[in-house]
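J.: Below: sequence and its predicted model.
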Amino acid sequence: MSRQPPIRIGARGSKLSLAQSGLMQARIAAALGAAPGEEEAYAPLIPIVTSGDRIQDRRLMEIGGKGLFTKEIEEALLDGRIDCAIHSLKDMPAELPPGLVLAATPEREDPRDAFISPVCARLEDLPHGARLGTASLRRQAQALHVRPDLQIVMLRGNVDTRLAKLERGEADAILLAQSGLNRLGLGHLPNSWLDPVACPPAPGQGALVIETRLEDVGADWLEAVRCRPTTICVAAERGALFALEGSCRTAVGAHAVLDGPKLSMIVEALTPDGARRFRRQGETTLDGADDIAAARALGLSLGAAVRAEGGDALILPD
Ligand SMILES: NCc1[nH]cc(CCC(=O)O)c1CC(=O)O
C-alpha cells in the first residue's frame, strides 16, 4: 500500500523553486483526489532552506557543487519530514544518496537557453570584447567557442538577481534557461534563443523531477504525473552526463529528441576556455521493450565517446 495524503512537498524558498513546487503541488494534489482549493490539505508545501540558497557570491563549484541545493532537502526526505521534493532536473547530481530516487518527470518545458541583452538581438551580434554574464561553465565554454573575444563576467544568483545585474550594466548580455523564465512569467524577455543542436543545453534542462524515498516509487500519484517521452529523453541526456562524470567542473551539453520510436541526440563537452569542443550525434529506434534503458545506453555510449576523445582537458582543474 503506497502512502496516502497528505503528501508533504519540500520546497526551497527561491522564487523559481516556489513557482516550480506550486505547479507540481497542483498536479500532485489533483492526482490524490483534491478538489480545487484543497491543495494545501492534500499536498502541503514545507519550506526548507538549503546551503546553496544562503551562499550567493561564489561559483557553485568553488563552494561544493550541485549538492548544495539538495543536501538539506534530501536529509528531510530520509528523516521522513517530507515525502517528496521538486527539483530542476538539471540541478541534480548524476548519482543520488542511497534510499532516494528520481521518481517521476512531468512534461518538459522549453529546453533552450535564452539570450537577453539591451545591446543586440543575438549572441553572434555582440560587439567585440562584450561582457557576457554567466556563472555556468557550460554557457561560458559554448559562448567562447563561437566568440573567443567575449569577456565572461561571473553573474551568479537567482533569475531576478541576474536580470537586475544586467539592468545595472554589470554585463552586456546574459544567458538563462527559457523554462525558468516561463515559470516565472518572464518568458517574453529574451531577444533570441540558442539553437539546441548547435549549442545543446544542460542535460535535463527544462524538466522538473520529483525525488522520493525508494519505497514510494510505485505510488499512483507519481504515475499520474509521469511523462513518458520526457522520461526517455532525459534518461538519454543524464546517461551522457554520467559517462562524462558531469559536474559543475565540466562543460557538458546534451539534447535528445523523440520522434515516434526514433530517439536522436547530440552530446558535447568543451574545454573550459571553449577552445576545443568534442561532439557526438547518434540515434536509436526504440522497440518498446525497455525504452528507458535503451535511451540511457545511447547517452552513455555517446558520452563515453566524447569523454574518450576529450580526456582530462575537459575537467576544470582545482
Ligand atoms: N542553475 C540554475 C537553474 N536551475 C534550473 C533553472 C531553470 C531551468 C530548468 O528548469 O532547467 C535555472 C536557471 C537557469 O539556468 O537559467
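T.: Arrived safely, thanks for sending.
J.: Next up, the contacts around the one residue sitting closest to the centre of the chain.
T.: For the chain, the residue lying nearest the average C-alpha position, counting by C-alpha atoms, centre = their mean, turns out to be residue 90 (2.0 Å). Neighbouring residues of residue 90 by C-beta atoms under 8 Å, 6 or more residues apart in numbering: 177, 201, 202, 203, 204, 205, 206, 207. C-beta: built from backbone N, CA, C; applies to glycine.
J.: where in the protein is pLDDT low?
T.: Applying pLDDT under 70 to the chain flags the ranges 1-3, 54-67, 246-248.
J.: what packs against the longest helix seen in it?
T.: Taking DSSP state H as the criterion, the chain has its longest helix at helix 291-310. Helix 291-310 is packed against helix 228-243, strand 251-259, strand 262-270, strand 277-285, with contacts defined by 3 or more C-beta pairs under 8 Å, 6 or more residues apart in numbering; DSSP states H and E.
J.: For the first one, which outside residues touch it?
T.: Taking contacts as C-beta under 8 Å, 6+ apart, the residues outside helix 228-243 that touch it are 89, 94-95, 104-108, 203-204, 207, 209, 246, 252, 254-258, 263, 265, 267, 286, 291-293, 295-304, 306-307.
J.: 6 Å instead?
T.: Residues from elsewhere that reach helix 228-243 (C-beta atoms under 6 Å, 6 or more residues apart in numbering): 89, 94, 105, 107-108, 203-204, 207, 254, 256, 258, 265, 267, 291-292, 295-296, 298-300, 302-304, 307.
J.: Give me the distance from that helix to the chain's centre.
T.: The chain centroid and the centroid of helix 228-243 are separated by 12 Å, computed with C-alpha atoms, centre = their mean, to the nearest Å.
J.: what's the span of stretch 177-193 from first residue to last?
T.: End-to-end distance for stretch 177-193: 9 Å, by C-alpha to C-alpha, to the nearest Å.
J.: now swap in stretch 311-318 and tell me
T.: Stretch 311-318: ends 16 Å apart by C-alpha to C-alpha.
J.: do stretch 191-209 as well
T.: 28 Å.
J.: One more: stretch 152-160?
T.: Stretch 152-160 has an end-to-end distance of 19 Å (C-alpha to C-alpha).
J.: can you list contacts of that stretch?
T.: 14, 16, 56, 131-135, 140, 162, 165, 171, 180.
J.: Which residues are in contact with residue 30?
T.: Counting by C-beta under 6 Å, 6+ apart, residue 30 has no contacts.
J.: Quick one, which of the contacts of helix 228-243 are buried?
T.: Neighbour counting by 16 or more other C-beta atoms under 10 Å classes 89, 94, 105, 108, 203-204, 207, 254, 256, 258, 265, 267, 291, 295-296, 298-300, 302-304, 307 among the contacts of helix 228-243 as buried.
J.: tell me the secondary structure for the spatially closest residue to residue 230 that is not a sequence neighbour?
T.: For residue 230, ignoring the flanking residues on the chain, the nearest one in space by C-beta to C-beta, 6 or more residues apart in numbering is residue 108 at 4.4 Å. Under DSSP: H, G, I helix; E, B strand; the rest coil, residue 108 falls in the coil class.
J.: Relative to residue 206, how far out is residue 108?
T.: Distance, residue 108 to residue 206, using C-beta to C-beta, to the nearest Å: 5 Å.
J.: For the protein, which residues are neighbours of the ligand?
T.: Contact residues, the chain versus the ligand (C-beta under 6 Å from any ligand atom): 88, 90, 91, 159, 176, 177, 179, 180, 205, 206.
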